[in-house]
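K.L.:
generate coordinates for the sequence data below:
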Amino acid sequence: MKPNLFLPVILSLCACVELHLSAQTQSTRAATQENKNEPASFEPFVITDDRLIDRAFAHNEAKIRFYPDEDGAVQFEGNVTMSMKDGNFEPVFWADGIQHTWVGKLNIMGYAFDGDQNDPLQFKIDKNRGYVYLKGKGTVTLPNKETVVLPKTKAASTPISQPADSSAHAASNSRSWKAIAINFGSFELTADSTGQTITRVAFQFQKLSCGTLQEVSGGVTVTGEWPITNREFSVTISPSPSLKITLNGRFSHNSQSAAGTWKANADGTICSGNWVAK
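P.N.:
Below is the predicted model:
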């Protein structure tokens, strides 16, 4: 079962999520801005609302798809970054650079999104501009009850053009290995098309217990660049100030498999084990 966006979460994308909204009154306005790169037949659309930009987090290139379940509750999927808060991991939804896709009827923070099933609404968080509409068909009803039909046409014509995804070709040539780690869970390693750099690690913890962490389950995905030298590599991440995870490994001669060790440092408590991947 996928997570419900409005219930508590404990390091689990299969758990539920609570969005912590600011108690302060937020001023909300929908703004249109002229952009020379946009076709003349369409008007750009930007929502300016501080609640839709979480400036506490660094720039993030995640792409998240929101959709309703059979009861109308908001569900999500995608490469979601997790952040530690009050001892628990929570998903990061509103950092600068994150791209959202809205499918179907969804309500969040006073906004009602209704994205077309075949051509859903897409927005991107821009810390300098706001919540920027990219493309797609549908409507957005603002907190003041004004409904905006998107795309906002001046005269019916061609759809808004989007820059080509430069990562698409590289992603199609990337390679992945799935690993099982004793007393840890599992994870997936992804290397770039050259096979010389690890670019992504997707962790799936299964009742991980180490120091202050007890029977933690859920997923954390990280991206970066970790070199592979003489078939060996080391990946170290810190999902929170109190947790550091290190993977050391070595690929086989034909790169069909890999094996190594994992180590977790939870508030000074060291836990470790072995893993194998193919």
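
K.L.:
what does the pLDDT read for the closest residue to Thr81 other than its chain neighbours?
P.N.:
Spatial nearest neighbour of Thr81, excluding adjacent residues (C-beta to C-beta, 6 or more residues apart in numbering): Val92 at 4.5 Å. In short, each C-beta sits where N, CA and C put it, glycine included. You'll see Val92 listed with a pLDDT of 87.

K.L.:
for the most centrally placed residue in the chain, helix, strand, or coil?
P.N.:
Relative to the mean C-alpha position of the chain, the nearest C-alpha, by C-alpha atoms, centre = their mean, is the one of Val80, at 2.5 Å. With DSSP: H, G, I helix; E, B strand; the rest coil as the basis, the three-state label of Val80 is coil.

K.L.:
that one contacts Pro91, correct?
P.N.:
Yes: under the criterion of C-beta atoms under 8 Å, Val80 is in contact with Pro91, at a separation of 4.6 Å.

K.L.:
returning to that earlier point: ok, the residue nearest to Thr81 to His59 distance?
P.N.:
Going from Val92 to His59 by C-beta to C-beta, to the nearest Å gives 11 Å.

K.L.:
ok, the two, which is more surrounded?
P.N.:
Using other C-beta atoms under 10 Å as the criterion, Val92 and His59 rank with Val92 on top: 18 against 10.

K.L.:
tell me the domain boundaries of this structure?
P.N.:
Residue ranges for the structural domains of the chain, counted by automatic domain parsing, are given in the record as 29-153, 168-277.

K.L.:
output the below-cut-off pLDDT ranges for the stretch 1-150 of the chain.
P.N.:
Low-confidence segments of the stretch 1-150 of the chain, defined by pLDDT under 70: 1-43, 84-89.

K.L.:
now the strands for it?
P.N.:
Counting by DSSP state E, counting those that start in this stretch, residue ranges of the strands within the stretch 1-150 of the chain are 29-31, 42-43, 46-48, 63-68, 74-78, 82-85, 88-91, 99-102, 104-108, 111-115, 121-126, 130-135, 138-141, 147-150.

K.L.:
quick check: chain neighbours aside, which residue is closest to Thr212?
P.N.:
In space, Thr212 is closest to Asp267, 5.0 Å off (C-beta to C-beta, 6+ apart).

K.L.:
CSV for the strands of the stretch 1-150 of the chain, including distance to Ala179 and mean neighbour count?
P.N.:
Putting these into CSV (distance: least, C-beta to C-beta, whole Å; neighbours: other C-beta atoms under 10 Å) gives the following:
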stretch, distance to Ala179, mean neighbour count
strand 29-31, 46, 14
strand 42-43, 46, 20
strand 46-48, 41, 18
strand 63-68, 24, 18
strand 74-78, 22, 18
strand 82-85, 19, 16
strand 88-91, 20, 21
strand 99-102, 28, 22
strand 104-108, 35, 17
strand 111-115, 36, 21
strand 121-126, 32, 20
strand 130-135, 35, 20
strand 138-141, 40, 18
strand 147-150, 42, 16
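
K.L.:
returning to that earlier point: wait, the residue nearest to Thr212 touches Lys244, no?
P.N.:
No: in this structure, Asp267 sits apart from Lys244 without contact. The criterion is C-beta under 8 Å, and the distance is 10.0 Å.
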